[in-house]
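Colleague: no sequence on this one, just coordinates:
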């Protein structure tokens, strides 16, 4: 049975790239998508069986860091930051971990990374599998 994934990113094209990548992974399926943290929090009440959330940081209405402040009270899902500003060792990555992010993967080429699968796919798949196995 595949693990259920929610994608949270304000860029519709990026959500499409992430969902397309996840379709190549037989052990995961996308069950929800949201354009900002507030929408994601709202969806957690209607889509309760989310195992993993892939979360951008920079979004309107409610950003990823603010989402993290609320999410752990609403879900047991593992949360992986997938952001162009949360590169390993950055202040954003450290803050995300401090607020409860379980993993951090950098988008390879900015806000809308059309090359996600090609450049970061292996790392993202490995991180996703590690998080849901924990």
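Modeller: That came in fine, so what should we check first? Computed from a predicted structure; not experimentally measured. Numbers count the residues shown, from 1 in each chain.
Colleague: Flag every buried residue along stretch 67-82.
Modeller: Buried residues in stretch 67-82, counted by 16 or more other CB atoms under 10 Å: 67, 68, 70, 71, 75, 77, 78, 79, 80, 81, 82. Heads up, the C-betas are built off the backbone N, CA and C, glycines and all.
Colleague: typo on my end, it should be stretch 11-21
Modeller: If you call a residue buried by 16+ other CB under 10 Å, then stretch 11-21 has these buried ones: 11, 14, 15, 17, 18, 21.
Colleague: how about those, which pair is most distant?
Modeller: 11 and 21 (14.4 Å; CB to CB).
Colleague: Would you mind giving the secondary structure of the closest residue to residue 96 other than its chain neighbours?
Modeller: Spatial nearest neighbour of residue 96, chain neighbours left out: residue 81 (4.6 Å); criterion: CB to CB, 6 or more residues apart in numbering. Residue 81 falls in the strand class when you classify it by DSSP: H, G, I helix; E, B strand; the rest coil.
Colleague: Quick check: residue 81 vs residue 71, distance?
Modeller: Distance from residue 81 to residue 71, counting by CB to CB, to the nearest Å: 12 Å.
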